[in-house]
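Peer 1: The sequence and its predicted three-dimensional model are supplied below.
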Amino acid sequence: MSRVFTRLYHPNNLEHALPKIIKPLTYGTDSVQFKVLSNALNKHVPQYGFNERAIVQSLNELGMGSSYLSVLGSSNSPSFFNVSPSVLELVKFHLVSKRNQLITDLPLDSDKPLPDLKTLFLQRLKLNEHVAPHLSQLLSIMSVPGEFLASTALSELHKLTDDMIFYSNEQDHNDFAWYSKRIALSTAYVSSELFMAQDKSHNFQETMEFAQSKLNKVSQLGSMYNNTEEYLWFTLLSSINLAKSQITRG
């Protein structure tokens with residue numbers, strides 16, 4: 001018997017992975033954009049980081065000219081700090097594709113038990129291993145004030161934590177704790193990514209231990225949640241900037 005899923009505070013499940021288009025991407029998995037960005041993320045971002053050089057290397061490898069950069073990022077506005085639309089699209093592609101990959105192999109069409117929240121949390125971190133040295137750069141791009149932050153970075157982070165709770169065996173709530181629980185998890189995830197960016201331990205063992213300690217704190221929050229979603233978003237952004245400044249000073 002197939003498992004039936006319902007998601008609180010959402011009108012339907014169409015926001016999740018579709019056979020050809022992974023929303024909010026606007027192109028399908030068989031498109032040129034998908035091939036270029038996937039190739040860049042897998043082969044060139046680990047070496048060059050999240051920048052135009054990684055995309056140009058991918059274009060050259062696929063026999064395409066650098067003029068295609070403008071097409072790749074056509075749906076994005078340039079950021080205040082000279083992050084090009086094509087690089088913003090690369091960041092969006094990373095966020096969306098890894099979020100989708102996290103749930104691809106889950107037993108959603110069977111009665112097999114779902115994993116716990118810790119398992120999904122750590123699995124998502126492990127999907128960053130090949131770009132770990134560039135995670136601080138990634139988060140810097142995501143946290144620049146502007147349209148991309150509001151429409152993509154925060155939205156994707158929220159969807160990721162929503163998915164990790166929804167597709168795990170975590171107990172959920174249908175009140176304001178629904179929001180604050182996800183914000184607390186988002187903050188734990190961002191902190192873990194920043195830790196991972198400077199982790200030199202074997203197989204990122206120290207990152208996994210750090211992440212588990214953060215998750216334990218999230219589970220201990222209980223009724224200490226705030227009820228104002230806007231304030232919690234502000235708290236999340238403050239946590240990102242504080243962690244970034246600590247890394248810079250270190």
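Peer 2: Received, thanks. The structure displayed is predicted, hence computed values, not measured ones. Residues are numbered from 1 along each chain as shown.
Peer 1: What helix or strand is the residue positioned nearest the centre of the chain located in?
Peer 2: Nearest residue to the geometric centre of the chain (CA atoms, centre = their mean): Leu95, 3.9 Å. Assigned by DSSP states H and E, Leu95 belongs to helix 85-104.
Peer 1: packing partners for the next helix or strand after that helix?
Peer 2: Once helix 85-104 ends, the next helix or strand along the chain (criterion: DSSP H and E) is helix 117-126. Under the contact definition 3 or more CB pairs under 8 Å, 6 or more residues apart in numbering; DSSP states H and E, helix 117-126 sits against helix 85-104, helix 154-166, helix 177-197, helix 205-220. Heads up, the C-betas are built off the backbone N, CA and C, glycines and all.
Peer 1: what's the least confident stretch among those?
Peer 2: If the helices and strands packed on helix 117-126 are sorted by mean pLDDT, helix 177-197 sits at the bottom with a mean of 83.
Peer 1: rewinding a little: ok, the residue nearest to the centre of the chain - contacts?
Peer 2: Going by CB atoms under 8 Å, 6 or more residues apart in numbering, Leu95 touches 152-153, 156-157, 160.
Peer 1: from those, which would you call buried?
Peer 2: Neighbour counting by 16 or more other CB atoms under 10 Å classes 152-153, 156-157, 160 among the contacts of Leu95 as buried.
Peer 1: and Val71, what is it in contact with?
Peer 2: Gln33.
Peer 1: before we move on, the earlier item: okay if I get the buried ones among the contacts of Leu95 as TSV plus distance to Ile183?
Peer 2: Formatted as TSV, the buried ones among the contacts of Leu95 follow (distance: CB to CB, whole Å):
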residue	distance to Ile183
Thr152	17
Ala153	14
Glu156	14
Leu157	9
Leu160	12
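Peer 1: Quick check: the farthest pair among those?
Peer 2: Thr152 and Leu160 (12.1 Å; CB to CB).
Peer 1: Export the helices and strands packed on helix 117-126 as a markdown table, with columns for distance to Pro46.
Peer 2: Output for the helices and strands packed on helix 117-126, formatted as a markdown table (distance: least, CB to CB, whole Å):
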| stretch | distance to Pro46 |
| --- | --- |
| helix 85-104 | 12 |
| helix 154-166 | 21 |
| helix 177-197 | 13 |
| helix 205-220 | 17 |
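Peer 1: buried residues in stretch 123-140?
Peer 2: Under the neighbour-count criterion of 16+ other CB under 10 Å, stretch 123-140 has 124-126, 128, 131-132, 134-140 buried.
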